[in-house]
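A.B. asks: model this:
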Amino acid sequence: MSLVGLALSVYALHVETTKESNKNYKAFCDFGASISCSKVFTSKYGKGFGLIAPIFGQHSSLNQPNSIYGIIFYCIQICLAFHHTLKITRIVLAMSLLSCIGSFYLAFVLTFVLHDFCLVCVSTYIVNAVVSFLNFKRM
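C.D. replies: Purely as a prediction, here's the structure:
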């Protein structure tokens, strides 16, 4: 399941970087004014979860696209999936639960702040929930 999340994160990064360099770019996930992943990815919430820039500044090295954080998260999940110690299992479970908290926050922003629907985002939220469930079962 983490491979699906990794693919979604890579696609999100592609859409964001392409949209920033070409304003006329239309992503496959852009269906209309209120169903647009590129609108979400290029919003202020698309980098550092909209939280890093106000705290550390717009040009902070921590203010990266959310998809970068997703790529890192899924890569760690994939690498640690092959280790079956209790300590590693607790770490991947904690990380996946943290990803669900981030998903709830971003879903709130998507719905109530941006008033948009992002197919890639919602798919990622579902992947995060499934990864958490699988890690919980593994525990």
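
A.B. asks: mind naming the longest helix for this protein?
C.D. replies: The residue-count maximum for a helix in the chain (DSSP state H) belongs to helix 86-108.

A.B. asks: what comes up buried for that one?
C.D. replies: Of the residues in helix 86-108, 89, 91-93, 95-96, 99, 102-103, 106 count as buried by neighbour count, 16 or more other C-beta atoms under 10 Å. Where C-beta positions appear, they are placed from N, C-alpha and C, glycine not excepted.

A.B. asks: and the two most separated of these?
C.D. replies: Spatial extent of these (C-beta to C-beta) is set by the pair Thr89 and Leu106 at 25.8 Å.

A.B. asks: which one of the buried residues of helix 86-108 is nearest Leu62?
C.D. replies: Closest to Leu62, out of all of those and judged by C-beta to C-beta, is Gly102, at 14.4 Å.

A.B. asks: can you count the residues close to the residue lying closest to that closest one once chain neighbours are set aside?
C.D. replies: Nearest residue to Gly102, sequence neighbours excluded (C-beta to C-beta, 6 or more residues apart in numbering): Phe49, at 6.7 Å. By other C-beta atoms under 10 Å, the residues close to Phe49 number 16.

A.B. asks: and Phe49, how far is that from Ser99?
C.D. replies: Distance, Phe49 to Ser99, by C-beta to C-beta, to the nearest Å: 12 Å.

A.B. asks: got it, and Tyr125?
C.D. replies: 9 Å.

A.B. asks: and for Arg90?
C.D. replies: For Arg90, the distance to Ser99 equals 15 Å [C-beta to C-beta].

A.B. asks: for Val113, same thing?
C.D. replies: Taking C-beta to C-beta, one finds Val113 at 20 Å from Ser99.

A.B. asks: same question for Tyr69.
C.D. replies: Tyr69 is 9 Å from Ser99, by C-beta to C-beta.

A.B. asks: which stretches of the protein form strands?
C.D. replies: 30-32, 35-36 (DSSP state E).

A.B. asks: tell me the most buried of the ones you listed?
C.D. replies: strand 35-36 (a mean of 18; mean count of other C-beta atoms under 10 Å).

A.B. asks: that strand pairs with which strands, and in what direction?
C.D. replies: Paired neighbours of strand 35-36 in the sheet (DSSP bridges): strand 30-32 (antiparallel).

A.B. asks: brilliant, that's me finished.
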